[in-house]
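> A predicted structure for the sequence below; I have some questions about it.
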Amino acid sequence: MTASSLHPSVLVVDDSPGVLLSMHRLLSPHVSVQMASSARAALEVLTPETALVLSDVQMPGMDGLELARQLRQGRPELAVVLMSGVVEDSLRRQAHELGVLEVLRKPLRSEVLLSSLRGWLGGELEDLSAGDEDGPDDVLPSTPVLQAPELTFQAAQTCVSGINLLPGVLSSCVFGEQGELIAGSAQLPAQLGAYLGFLSSTSASLSTHLGGALPMQAVQIEFGDRVLVVCPFGSGVVTAVVHDTPAASGVKSWLRTRTVDQSLRALH
């Protein structure tokens with residue numbers, strides 16, 4: 001392959017933030033992962049290191065087939081794989097004519113995807129196995145389900161109630177591992193959970209590249225007169241929208257103190 005054999009990168013293209021989050025969590029331990037929420041965005045984020053594009057077929061605007069057509073014209077050496085909930089013979093035929101390696105049916109199975117990934121990338125990934133036996137079989141869950149026992153509604157509600165009492169806090173909520181709202185403000189959009197999960201997963205990956213030995217503790221993003229704070233909470237994340245950076249520091253300090261108190265109680 002002409003892409004970098006030392007650091008192959010897989011570009012995942014899908015308009016669903018939940019799909020992007022799931023794919024990032026599955027693939028990031030093995031390869032560098034790029035994300036795009038549309039076909040046009042995918043064309044903009046392509047790099048010389050991109051070794052494979054894994055794209056949904058049905059997306060608003062440019063679909064996966066048109067993306068494959070443009071990639072064949074501009075990057076004919078680039079491997080392209082499509083995925084769709086409905087895989088018909090006509091779709092396979094069109095994809096084959098465009099040089100697409102394969103059309104996968106959603107929901108994808110993690111062991112099948114990881115095994116196929118090694119073949120698509122020419123066997124470059126020696127540590128790529130069928131994955132964690134304790135992990136989910138389906139890469140693309142159709143319905144988010146809260147499974148982690150440590151992330152209960154009571155714990156999430158207690159956390160949110162405490163944060164909302166802090167000065168400068170506008171709203172807060174807790175999202176589960178799959179981006180589902182557990183407790184908190186209904187003013188925030190439902191899809192925010194999936195984006196925040198993706199943000200946390202990306203931050204964790206950045207930590208390894210920066211030589212960090214500890215997990216991500218917090219992410220803070222400033223938007224003019226609003227600041228977004230995101231922190232791990234059990235198997236999910238807690239997020240707060242605050243007025244300014246001092247308020248953001250207050251939220252992070254409160255969460256750290258709460259974590260220490262819980263650890264001390266667990267010892268007794």
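Yep, it's here.
> Ramachandran angles for residue 29?
When read as degrees, to the nearest 10, the backbone of residue 29 gives phi -70, psi -20.
> what residues are up against the nearest residue in space to residue 226 that is not next to it in sequence?
Residue nearest to residue 226 in three dimensions, not counting chain neighbours: residue 241, with 5.9 Å by CB to CB, 6 or more residues apart in numbering. Any C-beta I mention is one placed from the backbone N, CA and C, and that applies to glycine too. For residue 241, the contacting residues are 169-172, 188, 226-229, by CB atoms under 8 Å, 6 or more residues apart in numbering.
> hang on, residue 198 packs against residue 22?
No - here residue 198 does not reach residue 22: they are 9.3 Å apart, not a contact under CB atoms under 8 Å.
> And these two? Which one has more around it.
In terms of neighbours (other CB atoms under 10 Å), residue 22 is the more surrounded of residue 198 and residue 22; the figures are 27 against 20.
> Output the helix or strand hosting the more buried one as CSV, nothing but the C-alphas.
Counting by DSSP states H and E, the element that carries residue 22 is helix 17-27. The C-alpha trace of helix 17-27 is given here as CSV (Å, rounded to 0.1, in the frame of the first residue of the first chain):
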residue,chain,number,x,y,z
PRO,A,17,-22.2,10.2,16.2
GLY,A,18,-23.1,7.0,18.0
VAL,A,19,-21.6,4.9,15.2
LEU,A,20,-18.5,7.1,15.1
LEU,A,21,-18.1,6.7,18.9
SER,A,22,-18.4,2.9,18.7
MET,A,23,-16.1,2.5,15.8
HIS,A,24,-13.5,4.8,17.4
ARG,A,25,-13.5,2.7,20.6
LEU,A,26,-13.1,-0.5,18.7
LEU,A,27,-10.4,0.6,16.3
